[in-house]
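Q: Kindly generate the corresponding structure for this input.
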Amino acid sequence: MKKVEPEKIRNIAVVGHGGCGKTTLVEGLLFASGQITRFGKVEDGTTISDYDPEEIKRKISINTALAFFFYKDFKINLIDTPGYADFIGEVVSALSATDSLLFVIDAASGVQVQTEKIWHMAQEELPRAFFINRLDKEGSDFSSAVESIKSSFQKVVVPLQIPVGKEANLKGIIDLLEMKAIIYENQKPKEADIPQELKGEAESSREKLIEAAAESSDELLEKYLEGGGLTKSEILEGLKKSFSDGKIIPIFSGSATQLIGVHSLLDFIINLFPSPLERKEIKGINPKTKEEITKKIAPSEPLVSLVFKTMTDPYVGKLNYVRVFSGTLKTDSHLLNATKDRRERVGHLYMMRGKNQEDVGEVVSGDITTIPKLTETATGDTLCDESSPIVLTPPNFPEPVFSVAIEPKTKGDEEKLSTCLTKLAEEDLTLKVYRNHETKQTIVTGLGDLHLEILLSHLQRKFNVEAILLEPRIPYKETIKSTASAQGKYKRQTGGRGQYGDVWLKVEPLPRGAGFEFVDKIVGGVVPKNYIPAVEKGIKEAMEGGVLAGYPMIDIRVTLYDGSFHPVDSSDMAFKIAGSLGFKKATQEAGLTLLEPIMNLEVMVPEKYMGDVIGNLSGKRGKIQGMETRGKYQLVKALVPLAELSKYATELRSLTHGEGAFSMEFSHYEEVPFEIAQKIVEKAQKEKAE
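A: Here you go, the predicted structure:
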């Protein structure tokens, strides 16, 4: 592979709402640059960046994919990202590795939910441009799409291309910098004069473009105001500065499927989009002193790089996707994983184009590569020079909120399933796996039902493990309402030595969260001291198994105050059983009740959906605790039973058209309403009988 200098590298994340044509645009850029000779289609499963079997099957992007190519001596790294909420973690990964964002929007739909979310998630300093796609689609409208960008983000928008024709009659675009029409036939561009009917619009749009360029500096503005006009290079210089400073949003347009606008976009990418060196420096933490430090970005500086994605390749094994910020990364070298304070050896370096790998000997600052078979390195880790340690801020992934229980289809595969889930959770940091010891279930938590469906497919395809998803059991608890006393007596005679244990117990309710308390009030040795631990053990075992519906019991004080023993037949076992029997009798007389976990729920929602969200929470037995304004959003705080929230992620997405988000944490246990408790107890007793 030919060597490229950092100033001639462009790292661009292609982002936007699902179904807007991001993958097709990436394919179009690869094809227009001459990197590939066949224009793949998402519908046929033949694109470079959608290569995962699940992506081909579902015809959507699921993973972030790299696609590099060369154009006019420039190396362009495109990062194709998914557009659906369930895979937003993949977008977060891309945002930590890119130097600019190219948003793709559907010309008929304008700015949609995920587009706005990604805009707000991205670091403020990242330059952003838009490609208005599908202008050949029925209902598409260039002006409306531009207005939706302007109103959504309150920025100066600067079209650099405007369409020639509309919907099915789309013929090409006008390049406003060159002031030439580019007309397409069978995906092939041809320069032409601007149609007479579009000259006025083109001249007006170009004037706005020049104004935006002039406002980038005092010198250009002065020249512009004096009527001297700006040269092409001055316009580009001004636009580039304003774009990099985030003062303008350049807008490109066309149809990725027909390649309309794509060739012109290529030229703007190399002339307008920033190089990695324009960042100048990067900040991190010194792992030894914990102080903030700054490193310069240059090939001659010590190596600083960030692992922004980890995945398992069926043939190569674990692959770490790495953005090199500073220094030069070479094969057969040793690096420090500063995050984990471990040394790693780099055996190979690959450049990725979809699933295709190309071996390289070194990677300069600003470039993106993949390193196979690192032993301890994972997403978010910093790899750097051992002599100059630094820990970069890792990607900030959203917390998963959609939980299900998982178990293997084949008994005996529990351990294998657990190992495979751990590996997948290392790849995907929006996936959490843990064992709920109370409900005796393995729980996986992701960003939505589709996210977890894909998990099942990966388990089967990558590890040959079949699993099923179940609704998680709610960790109910049992307790008592009042005080009661009862005798527990265990007496057995089997011909030889018998069994004898006799206790009197008093049970009392404790405040919520107090747990369990055992009180020994035996006097006179009616129960010998050596048997009292056995009584307590029997009580604890009975509490774990529950009395009402098989759920653990909490918040109870048990007092052992009387009993009797046999000098020959008494034993630890007899008193343990007696303690269990006495506890069960006493709690039944004390009024058993069922408790459920109550969650602190915080819902961030646009004001227009507030009524629907609050009404929905009320229907879930939720108690609204308060509301706060956060910009254009409202934060709703509520206490809601966990049993009502199993599908809340899906419900909220539906209620708010994907604009709402929530988080929750455990608050306390509360008594279940009688009618609901009855059904839970009946179901538990039925399952036990079966």
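Q: From now on I want contacts and neighbour counts done on CA atoms only, so please keep to that.
A: Fine.
Q: quick one: Leu424 and Pro606, what's the gap?
A: Computed with CA to CA, to the nearest Å, the distance linking Leu424 and Pro606 is 34 Å.
Q: Show the residue spans covered by the helices in the stretch 551-690 of the chain.
A: Using DSSP state H, counting those that start in this stretch, the helices found in the stretch 551-690 of the chain span residues 572-589, 610-618, 648-655, 674-689.
Q: so which of these gets nearest Gly238?
A: Shortest separation from Gly238 across the helices of the stretch 551-690 of the chain is recorded for helix 648-655, at 41.5 Å, computed as CA to CA.
Q: Can you list the low-confidence ranges for the chain?
A: 228, 314, 495-496, 690 (pLDDT under 70).
Q: residue ranges of the helices in the stretch 101-250 of the chain, please?
A: Assignment of helices within the stretch 101-250 of the chain using DSSP H, counting those that start in this stretch yields the ranges 113-121, 142-153, 199-214, 218-225, 232-244.
Q: Of those, which stretch is the most buried?
A: For these, ranked by mean neighbour count under the definition mean count of other CA atoms under 10 Å, the leader is helix 232-244 at a mean of 20.
Q: for it, the distance to its chain's centre please.
A: 35 Å (CA atoms, centre = their mean, to the nearest Å).
Q: Let me see the residues that make contact with that helix.
A: Contact with helix 232-244 is made by 126-128, 177, 210, 212-217, 220, 248-250, 271-274, as judged by CA atoms under 8 Å, 6 or more residues apart in numbering.
Q: Identify those among these that sit within strands.
A: 128, 248-250 (DSSP state E).
Q: can I get the residues you listed in JSON lines with neighbour count and distance to Gly538?
A: Output for the ones in strands among the contacts of helix 232-244, formatted as JSON lines (neighbours: other CA atoms under 10 Å; distance: CA to CA, whole Å):
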{"residue": "Arg128", "neighbour count": "25", "distance to Gly538": "66"}
{"residue": "Ile248", "neighbour count": "22", "distance to Gly538": "73"}
{"residue": "Ile249", "neighbour count": "23", "distance to Gly538": "71"}
{"residue": "Pro250", "neighbour count": "24", "distance to Gly538": "73"}
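Q: List just the nearest of those residues to Ala405.
A: Out of the ones in strands among the contacts of helix 232-244, the member with the shortest distance to Ala405 (by CA to CA) is Arg128, at 40.2 Å.
Q: looking at it, the closest one is touching Ile251, isn't it?
A: No. The pair Arg128 and Ile251 does not pass the contact test of CA atoms under 8 Å, sitting 9.5 Å apart.
Q: and for the two, which residues touch both?
A: When contacts are counted by CA under 8 Å, 6+ apart, Arg128 and Ile251 are jointly contacted by no residue.
Q: ok, now which ones touch Glu517?
A: Residues near Glu517 by CA under 8 Å, 6+ apart: 556-558.
Q: a helix runs through it, doesn't it?
A: No. Secondary structure assignment (DSSP: H, G, I helix; E, B strand; the rest coil) places Glu517 in strand, not in a helix.
Q: is it in a bridge, and if so with what?
A: Beta-bridge pairing of Glu517, defined through DSSP bridges, involves Arg557.
Q: cool, Glu508 as well?
A: Each beta-bridge partner of Glu508 is listed here: Arg557, as defined by DSSP bridges.
Q: What number of neighbouring residues does it come out with?
A: Burial of Glu508 is recorded as 20 neighbouring residues (other CA atoms under 10 Å).
Q: Correct me if wrong: it contacts Thr483.
A: Yes. Using CA under 8 Å, Glu508 is in contact with Thr483, at 4.5 Å.
Q: Need the residues touching each of those two.
A: Common contact partners of Glu508 and Thr483 (CA under 8 Å, 6+ apart): Ala590.
Q: Now do stretch 448-461: distance to the chain's middle.
A: Taking CA atoms, centre = their mean, one finds stretch 448-461 lying 14 Å from the centre of the chain it belongs to.
Q: do stretch 151-163 as well
A: Between the mean C-alpha point of stretch 151-163 and the mean C-alpha point of its chain there is a distance of 29 Å (CA atoms, centre = their mean).
Q: Look up phi and psi at the most centrally placed residue in the chain.
A: For the chain, the residue whose C-alpha lies nearest the mean C-alpha position (CA atoms, centre = their mean) is Gly89; its distance is 3.1 Å. Main-chain torsions, Gly89, degrees, to the nearest 10: phi -60, psi -30.
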